[in-house]
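J.: sequence first, then the predicted structure:
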Amino acid sequence: MKAQALVSRLSSAFGSFLKSNHRRGQILQMSNSAVSQAGVEKRNRLPMPPIARRDDDRVVYIGAAPPGWDPELPRQAEDSKEPLIDPPIALPDPYGWMRDESRKDPVVLEHLRLENEYTQKLAAPLASFREGLYQEFLSRIQETDHSVPRPIGQSPWLHYTRTYEGKAFDVYCRARKQDGYDATVTVRWDGMAESPILAGEEILLDVNELGEGKDYCVVGCVETSPSHQLLAYSTDFVGEERYSLVVKNLETGEFIEDGTLVNNIDGSVVWGKDDSTLFYTKLDDASRPYQVYRRSVGIGKEQTQDELIFEENDEMFFVDISKTLDERYIIIDSASTETSEVHYIDLQNEDKEKPVVLECICKRQYKVLYRAEHRHGCWWIQSNIGNLTNFALFTAPVANACQDNWVLVVGEKQASGEPLFDGSHRRSLDSVTCLDSHVVILGREEGLPRLWILSIGSSDAEDDKDCSANPVVVSKFERLEFDEEAFDVGLGENYDFHAKSILIEYDSLTTSTQRIDVHLDNASTRTLVKERNVPSYDKELYASKRTFVVARDGTSLPVDMLYRKDVMSEIESTGQRVPVHMYGYGAYGACEEASFSASLLPLLDRGVVYVLTHVRGGGEMGRQWYEEPNGGKYLCKKNTFNDFVDIARWLIHDLKLTSPDKLSCEGSSAGGVLIAGSINQAPELFRVAILGVPAVDLFATMSDSSINLVITEWEEWGNPNEMKFFEYMKDYSPMDNVKKDATYPACLLTGGLYDPRVQFWEPSKFTAQLRYTVRSEESRPICLKMEMNAGHFSASDRYKYWRELAFDYAFLLDQLGLTHVENRSSGGGKPVCATAAAKK
């Protein structure tokens, strides 16, 4: 209760001093004329933003196909029963000329160059401060480090990755198990870059060598073959997320596949039952994974000669491949956001000289999602079949079309045979990991991620080696417990079906990532295997608090707050408000977890309170947080923006923690849409906003199925070509709801020229629309930073990424007036709000 009261009385001297006190002493010494002259000089020094050409007669058509439309491009999903808008509606699209799918139009490229030039000139005075932030990031990172060595199956090898100071990418390594290997044994490494992590260390793949001389380098997967003699990996050197296949002989160093024959794959590669075959997934022209192929390794044949074993023609569906942990089956998942279908290949019967035999667990049913894992002749299935809100847990004997044999999993000690996961609001299920003796479930309960260990078998059954003959009995159902109020927990690297323990990853807003070995028979038997070292980080200086905010419709929204304890204490004594930085996402049922981020420390150490929002559209409270009728998709998508704005108003008006001139916000991708929609709804609440790769032009994009992945998005946002969605979306589509002559926060928008998910022209168009529409204020610039050699995920080089983050944070802190506030963790002393000057 004391902590609650402390938070509730946070106030604001901090922010007002931060924003104005630096200049106050100088201004008091100036005459009125000098002040006026200073303003003129400042305006003369500031660069002018580029003025984007407006084609006011340019339109985009919403609804039925307009004249000249390619009949091969659908205007709605095949199974949609909603009427199209007919005749189509013409909506203005004055910046439509920025759309350039070739990425080669000189007019468009010149405009992007001018945008980047403007942003760099505007940020030039912050160069020294930005470099300081970058050095702060580096000071909190152990640059030379390693992951936890882990076995893959029953192989004699342990696999891990290494990083080295000054090198941008991972190095993949392995070493043979030593006699007496135990998963809980702590690595005894002296911390030196030249020293091996384990005796007999071998380098499998040095990504730094792959990335040498390249602007972009990402490795999609790294997979050793069943004999452990071959290494398959995939590479992307552009940022378009189109990968090429490479296979290397680890004994000879020879490249069996050199990356020239198999291209345009999604990055995932799965070995067959031996070293002779590989399975991969190919992308269509819209970057959708849609075909699965089997390839005979090392023959050197063209990709067109590989065996096509599965093709998904419904453009709503993505295809994914994997192998069950017991290495018995290849799983082919074909799924939209609302419907799925799973096929499988029995590797015991695979013969590379014969066509693949493909079987299906359950034919697709509209709005039925399911996934499957295998254990001892039994499928463990998670599904929402029967119109369930969350996924229920079923088992069924392995068989083709076995849907009639799905049985809910119940516990031996559960009252009246109560199912462990019944699909209700009480508990949600996210993933199932099947091991030889146990099953591990990742899900959610009480708004937090949870892990459960299921012990299989009962007192009258020695084991359950044949699921088809005996019903599955869960003799023990144990949830892993942790002390902190809010946290993130999940499974680590677990590749051994016969393991007696599992590796989990745990962290919180104040606890750096811990990798903990948990014994399957007794979850209280835990061994800390490795904890992320954050140099100079003192956990005792920081605290977090989970609270709940009531939204305008009465829904209780979880909110996590992170801050320095001394900031909280000193603000309590001064009675003034402070800078606050809000972050959110709110889409696709994805969860924003209360996890540790060392990159937040430069904000916290300058007195900023960080607020992590869990708005609807995510899955933090289960799938009901995402789905209609009260979640954050389709015709309740506005809940996402309303929730974020309601939390901002709560911070300002109810908690009295901050004020509009001290409140910043940030989101990326769909989170960028959240920020755009929120500042449109209430621009007066925010001082600065960062919109990372935001998909903001909903009508022009979502109505046009020729744009990458648009069709798949109709099941998230709705299709504006249909009247009911058009009428709803026109109230929140960011591009179409910018408030004329309103004062907006300063905005930094980012994009990637080769982004296949959010096309680069979306942030470009929104930048131009903001500048054209809102009230122009020099102190609140609208900036675009376009990465010309990257895709959706910004720089692939970790040092470049930190430099980009330093750029973003320098922009944010400058707009909050915090660039002259000393980082108190660097020995700079007191927070600004406690100084004598702030009290005057």
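T.: Noted; the coordinates are in hand. All values derive from a computational prediction rather than experimental measurement.
J.: need the pLDDT of Val473.
T.: According to the prediction, Val473 has pLDDT 82.
J.: the helix or strand hosting Ile256: which residues count as buried?
T.: Element membership of Ile256 [criterion: DSSP states H and E] is strand 255-258. Using 16 or more other Cβ atoms under 10 Å as the burial criterion, the residues of strand 255-258 that qualify are Ile256, Glu257. For the C-beta atoms, the positions are set from N, CA and C on the backbone; glycine is no exception.
J.: same question for the strand or helix carrying Pro558, mean pLDDT?
T.: Secondary structure from DSSP H and E places Pro558 in strand 556-564. The pLDDT scores in strand 556-564 average 98.
J.: poorly predicted segments of this structure, please.
T.: Scanning the chain for pLDDT under 70 picks out 1-45, 413-416, 458-471, 827-840.
J.: partner strands of the strand holding Pro558, parallel or antiparallel?
T.: strand 542-550 (antiparallel), strand 609-613 (antiparallel) (DSSP bridges).
J.: ok, and what's touching that strand?
T.: For strand 556-564, contacts defined as Cβ atoms under 8 Å, 6 or more residues apart in numbering pick out 7, 447, 486, 509-510, 541-551, 594, 600, 604-605, 607, 609-616, 620-621, 643, 646-647, 824.
J.: neighbours around Gly68, how many?
T.: 6 (other Cβ atoms under 10 Å).
J.: ditto for Asn264
T.: Residues lying near Asn264 (other Cβ under 10 Å) number 15.
J.: look up how far Asn313 lies from it.
T.: 17 Å (Cβ to Cβ, to the nearest Å).
J.: residues touching Thr260, list them.
T.: Neighbours of Thr260 in contact, by Cβ under 8 Å, 6+ apart: Ser244.
J.: that one: which element?
T.: Per DSSP H and E, there is no helix or strand for Thr260.
J.: look up how far Ala286 lies from Leu84.
T.: 21 Å.
J.: okay, the strands paired with strand 556-564 in JSON lines with mean neighbour count and distance to Phe760 next?
T.: JSON lines is the format used below for the strands paired with strand 556-564 (neighbours: other Cβ atoms under 10 Å; distance: least, Cβ to Cβ, whole Å):
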{"stretch": "strand 542-550", "mean neighbour count": "18", "distance to Phe760": "35"}
{"stretch": "strand 609-613", "mean neighbour count": "24", "distance to Phe760": "27"}
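J.: nearest to Val567, of these?
T.: Among the strands paired with strand 556-564, strand 609-613 comes nearest to Val567, with 7.3 Å by Cβ to Cβ.
J.: tabulate the CA atom coordinates of the closest one in PDB.
T.: Provided in PDB are the C-alpha atoms of strand 609-613 (Å, rounded to 0.1, in the frame of the first residue of the first chain):
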ATOM      1  CA  VAL A 609       9.400   6.600 -15.700                       C
ATOM      2  CA  TYR A 610       8.800   3.900 -18.200                       C
ATOM      3  CA  VAL A 611       5.200   2.700 -18.700                       C
ATOM      4  CA  LEU A 612       4.600  -0.600 -20.500                       C
ATOM      5  CA  THR A 613       1.000  -0.800 -21.600                       C
END
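J.: next, the angle strand 556-564 makes with the helix or strand just after it.
T.: On the C-terminal side of strand 609-613, the closest following helix or strand by DSSP H and E is helix 638-649. With axes from the mean of the first three to the mean of the last three Cα atoms, to 10 degrees defining the directions, helix 638-649 sits at 40 degrees from strand 556-564.
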